[in-house]
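# Below is the structure, and that's it, no one-letter string:
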């Protein structure tokens, strides 16, 4: 084949390369072992190093000292003591001596294994020193490992210096062991100019020494060619590399022609470009994507935008679909170039003309329009991308759906949902249809931005586009409106889509709206939604009525509850029992509480009868004892005792002082002076509203000598004045219950000081502390020296505030403080079974004496009826 201007297959002959960019600096002297300038990024030419003082004559090194230094070096490397290893190495070299070959390679490998620059400098210096003094000491694998470390450290200059030192000292490694690493280094760091010098020397050595294993390969030739074309932009140097490839017998590939195409386009050498295309055919290279991409890059840099358009269109006309698919980098160059020196009009024209040449079945993300718009979006130019679409419409063109997708994604990511909704309308008006996933993503972004109108608009467009699956987007909108407390929009949206069979609206959707209205106190809107629900023949359920009842009770509109009960009653009586409303305990409880509060006792009796018919028992409607705020932790037992519950058990309540918010709790297994036995643990839950008071003293009894409370490094036992408590307890006769003699040594006793302190989440774990029992003391009475008079129990305090006046008045009247109903509202429990909302004065016999723990009065249905009758009799007198 004829070669008119470029000879890519010249006969084997010596070709001396001399690149215009190459420097003639020699490999620096490394007798100082460090060349920091090689590891720094230099913008200016380095200044000449100061003259070194003449070296001192080498000292005599005895064999014994050499052996000692080598041993020290070997041990330091083994234990990774890098500084000592380096000192031993410098001591050897200062006497002009070298370590053994294995030790030398171990040192270099050890130093190059670190990621820090300081040790990499040491590895570089020691390797060059050995190569200069005795190349046979260094193994090929060691040099390859060092170059790999330099690649990871992005140290290009030392890598080039190391290879040039190898050439200078005739240390010839096979090119495949170092060449590819050097190619990677120059590409990752953009150091093509430095690589050109190494490439030249490697080529010279291969020819002069007749060493075929030193010949640069195709990757190295392309790296040198890239440096000449894209960095030096020198036609002369590039063609020298081409001639070198011919001498080496390296066949050029697509990348080789691509680099040349870039250079010739940049220089405006159209004849050379035509020659390249002919040569590609001669070499059987049919895929021209790389060639065209580089050609476009050259034209863009030169500002030849008409040539860019011509090249893009030509690639579409001559190549297959895959060959004409340019990469994102190419489209980014086109976009940046056109916006810098051109305008969106030319880009719009390019997209329109490209669509005429693209196959009808081309994938959306493979089109030129998609590539340009996507590049705009990735460059942060979403508005510019939209302006391109507007310009296309002005020019009378149209684009496929794929061109819109990058802009929609960008608007979605930037939460520009209003623009996205408008663009979707434009897409629909042009006869295109988005997929369900795009709609879902846009609607979710709109709801996240609280742009509800855009979400509604997108959903309407989604319905009009006849998307089959709407449920996901529907739930996204409804959930977002619920979270943002917009029940009025929920109602309007549901009313709009209720008849769409693709959504399958159910009772739970209406319940969500009714609940949201009630929670917001908008009861009329809730009632209106309920009526709309019934009108559209959606069957209300228990949750529907529970939401309405709770809303009415909160607003104290008990008459509305009565109206609701009458409505349910009529519906239930007139309808088939199998199709009627299914009552449950929660609905019955809610109605009972509201109707009793409203004083509608006839309705209460009707509800009770209906509950009995349905076998719903309301024994859970008993009254609880203790302040309503204590309800979660304080309950009444079946025997009428007040009990306090925690995670470790249920404890009796000895007394409550509502004014100080304190309560005394007793553990049946806790030791006292009268009775001692093995105890369980005691703890307060982390979420408990109570905390242990500071005046409590916890005493651990019968502890093992190995108990952690006796740890000498932890002060867990009070050895001060409180130590007398141990002597007092051990003087009690009850101590025999835990296997000790009366007045036994107090070495097994500990007045415990918890490392976590008192308060909520307090825990006394006896098995962990290795103690038999514990005692808690909240007071010493009148005689601190007499343990039989001490007050045993655990004093806890309620952490929050509450209204104690009701309980105080109730107890003053002989009643007991309690609570009633699902809302656990205050109730005063009287001795004769009558329970009121104030006190027991005038209510018959009251409890004798002050408050006691047996104040529980569990009231089932018959008790409720008696209460209602007594209340109805006494109402006129109040």
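That came in fine, so what should we check first? Quantities reported herein were computed from a predicted structural model and do not represent experimental measurements.
# Return the set of buried residues in the strand or helix carrying residue 123.
Using DSSP states H and E, residue 123 falls within helix 117-133. Residues of helix 117-133 classed as buried: 119-132 (neighbour count, 16 or more other C-beta atoms under 10 Å). Heads up, the C-betas are built off the backbone N, CA and C, glycines and all.
# Now that helix: average pLDDT?
Computed over helix 117-133, the mean pLDDT rounds to 90.
# For residue 644, which three-state class applies?
strand (DSSP: H, G, I helix; E, B strand; the rest coil).
# List the beta-bridge partners for it.
residue 634, residue 651 (DSSP bridges).
# I'd like to know how far the spatially closest residue to residue 799 that is not a sequence neighbour sits from residue 663.
Nearest non-adjacent residue to residue 799, counting by C-beta to C-beta, 6 or more residues apart in numbering: residue 689, 5.2 Å away. From residue 689 across to residue 663, the span is 11 Å (C-beta to C-beta, to the nearest Å).
# Between the two, point out the one with more neighbours.
Per other C-beta atoms under 10 Å, whichever of residue 689 and residue 663 has more neighbours is residue 663, with 26 against 18.
# pLDDT at the residue nearest to that one when sequence neighbours are not counted, what is it?
In this structure, residue 663 finds its nearest non-sequential neighbour in residue 656, 4.9 Å apart by C-beta to C-beta, 6+ apart. The per-residue pLDDT reported for residue 656 equals 81.
# what sits up against the helix or strand hosting residue 656?
Using DSSP H and E, the element containing residue 656 is strand 649-657. Contacting residues not belonging to strand 649-657 are listed as 626-627, 634, 641-645, 662-668, 680, 682, 793-794, 817, 851, 853 [C-beta atoms under 8 Å, 6 or more residues apart in numbering].
# Can you select the buried ones from the residues you listed in PyMOL?
Filtering the contacts of strand 649-657 down to the buried ones (16+ other C-beta under 10 Å) takes a single PyMOL command:
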select buried, resi 626+627+634+641+642+643+644+662+663+664+665+666+667+680+682+793+794+817+851+853
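# Of the contacts of strand 649-657, which belong to strands?
634, 642-645, 662-666, 682, 794, 817 (DSSP state E).
# ok, which pair from those is furthest apart?
Within these, 682 and 817 form the most distant pair, 25.2 Å apart (C-beta to C-beta).
# SS state for residue 380?
Criterion first, three-state DSSP; result for residue 380: coil.
# For it, report the pLDDT, please.
In this prediction, residue 380 has a pLDDT value of 86.
# That one: how many residues sit nearby?
Neighbours of residue 380 using other C-beta under 10 Å come to 10.
# Got phi/psi on it?
As for residue 380, its main-chain torsions (degrees, to the nearest 10) stand at phi 80, psi 30.
# and if you look at residue 717?
According to degrees, to the nearest 10, residue 717 has phi -120, psi 130.
# Go through the strand holding residue 656 and flag the buried ones.
Buried residues in strand 649-657 (16+ other C-beta under 10 Å): 651, 652, 653, 654, 655, 656.
# Give me the common contacts of residue 689 and residue 663.
Taking C-beta under 8 Å, 6+ apart as the criterion, residue 689 and residue 663 both touch residue 798.
# circling back to that earlier point, how near is the residue nearest to residue 799 to residue 703?
The gap separating residue 689 from residue 703 is 32 Å, by C-beta to C-beta.
# Over to residue 807?
Distance from residue 807 to residue 703, by C-beta to C-beta: 41 Å.
# Residue 505 now?
Distance from residue 505 to residue 703, by C-beta to C-beta: 67 Å.
# remind me which residues of the stretch 701-850 of the chain are low pLDDT?
Counting by pLDDT under 70, the stretch 701-850 of the chain contains low-confidence ranges at 721-722, 754-762, 803-804, 819-825, 831-837, 842-850.
# hmm, 50 instead?
758-759, 822, 844-850 (pLDDT under 50).
# for it, what spans make up the helices?
Using DSSP state H, counting those that start in this stretch, the helices found in the stretch 701-850 of the chain span residues 723-730, 766-769, 805-812.
# out of the ones you listed, nearest to residue 357?
Smallest distance to residue 357 across the helices of the stretch 701-850 of the chain (C-beta to C-beta): 80.7 Å, for helix 766-769.
# which helices and strands does the closest one pack with?
With contacts defined as 3 or more C-beta pairs under 8 Å, 6 or more residues apart in numbering; DSSP states H and E, helix 766-769 has no helix or strand neighbours.
# for the chain, what helix or strand is lowest in average pLDDT?
Every helix and strand in the chain was compared by mean pLDDT, DSSP states H and E; the lowest is helix 861-874, with a mean of 44.
# what's the closest of the helices of the stretch 701-850 of the chain to residue 280?
helix 766-769 (81.5 Å).
# Buried ones in the closest one, by neighbour count?
So for helix 766-769, counting by 16+ other C-beta under 10 Å, buried means 766, 769.
# residue ranges with poor pLDDT in the stretch 551-700 of the chain?
573-578, 619-622.
# swap that for the stretch 251-400 of the chain, please
Scanning the stretch 251-400 of the chain residue by residue, none of them satisfies pLDDT under 50.
# And the helices in it?
254-267, 270-282, 289-302, 305-318, 328-341, 344-357, 368-378, 382-394.
# Is residue 381 in contact with residue 335, as I believe?
Yes: under the criterion of C-beta atoms under 8 Å, residue 381 makes contact with residue 335 at 7.3 Å.
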